[in-house]
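Student: 3D, please:
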Amino acid sequence: MEIETIKPKTTYENILRFTPYAYAKLLYMQNAGPTEVAGFCVTGTEDALLVTDFILIKQNCTQVSFDLDKEDIAEYQERMVDNGLEVWQFARILAHTHPGNSPQPSRTDEENFKNVFTRPSWAIMFIIAEDKSTYCKLKISVGPGVQVILKTQVDFTQQFAASDFPEWEKEYNEKVIKDTIWQDDIDKHKMWWDQERSIFGYDDELDELDCRWDQDGNVIFLDDDGNEYYYDPINKEWFIENENENFLRQISEPRTNWVSKVKKWSQKYAN
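Tutor: Now for the predicted structure:
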């Protein structure tokens, strides 16, 4: 039975934040070679959504995949415990890079996330693409369970250490084994991914929307200003939370470009 003596503080944030040090190290590892790389994000404080470090695991990598060494994962976990960290601080957020310009998870990414993180009460999959676009999914496995797309940002209000390029280079060289694949293999993978997107209905615009279902069957949409809108797809009605009151107030349909996308999202994920 897993025992955690330091509990993460409860927040209702929808943003995974990185200290400048952690984000700089992540970018360094991403740019150090032509392959994908993966590692665990460390949250060294009681804030479970504040990443303070990124640590590589020994792995075999290609331009489209990574395979983590199980023995090195065990050694990493033992080292983190010896450093006084709890399991939730070093083994809940798995991050990896995509050499292309799309951070959207492949079907393999989704299967790995589903299979590897079955026991923890919560876990996060974070992906960063070559153009620095990101994808971040929080999965909560207790109760009815829920999956939520999180925003990401660099938090410059936090204290952070200086960059350490020599140590980062050493870590990369020790942990990453590059299994470069030929261009025709890359083309085959791209063709496969295009087929996957067609068959399973992947849609970057819709999948990147900050939408989720509430218990009443409404779609909750969070706009860029942090305002929550509620859309009832059955009655085609819109609501917002009434200020200082615990109920929803009906409004006219907003006249913005995201309205049609929210409607399409509700149709796509109606089941």
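
Student: buried residues, stretch 67-74. List them.
Tutor: L68 (16 or more other C-beta atoms under 10 Å). Heads up, the C-betas are built off the backbone N, CA and C, glycines and all.

Student: please renumber so the chain begins at 8
Tutor: Let's use 8 as the start, then, which means that last one is stretch 74-81.

Student: what about it, average pLDDT?
Tutor: For stretch 74-81, the per-residue pLDDT values average out at 92.

Student: for L229, give me phi and psi.
Tutor: Note on L229: its backbone torsions stand at phi -110, psi 120 [degrees, to the nearest 10].

Student: looks like it contacts D217 (just checking).
Tutor: Yes: under the criterion of C-beta atoms under 8 Å, L229 is in contact with D217, at a separation of 4.3 Å.

Student: which residues are common contacts for these two?
Tutor: Taking C-beta atoms under 8 Å, 6 or more residues apart in numbering as the criterion, L229 and D217 both touch N21.

Student: isn't E244 up against R256?
Tutor: No: no contact is recorded between E244 and R256 when judged using C-beta under 8 Å, the distance being 11.1 Å.

Student: before we move on, the earlier item: who's more crowded, L229 and D217?
Tutor: Taking other C-beta atoms under 10 Å, L229 and D217 do not tie; D217 has more neighbours (19 against 16).

Student: correct me if wrong: the more buried one contacts G233.
Tutor: No: contact criterion C-beta under 8 Å: D217 and G233 do not qualify, at 10.0 Å.

Student: quick one on the thing from earlier: which one of E244 and R256 is surrounded by more residues?
Tutor: Counting neighbours by other C-beta under 10 Å for E244 and for R256 shows that E244 has the greater number, 15 against 12.

Student: which strand residues bridge that one?
Tutor: D239 (DSSP bridges).

Student: same question for N67.
Tutor: N67 has these beta-bridge partners by DSSP bridges: D74, I184.

Student: neighbours of it, how many?
Tutor: Neighbours of N67 under the rule other C-beta under 10 Å: 14.

Student: that one against F73, yeah?
Tutor: Yes: contact status for N67 versus F73: in contact at 7.2 Å, counting by C-beta under 8 Å.

Student: where do the strands sit along the stretch 158-278 of the chain?
Tutor: Under the criterion DSSP state E, counting those that start in this stretch, the stretch 158-278 of the chain carries strands at the ranges 158-161, 183-185, 218-220, 226-229, 235-239, 244-248, 255-258.
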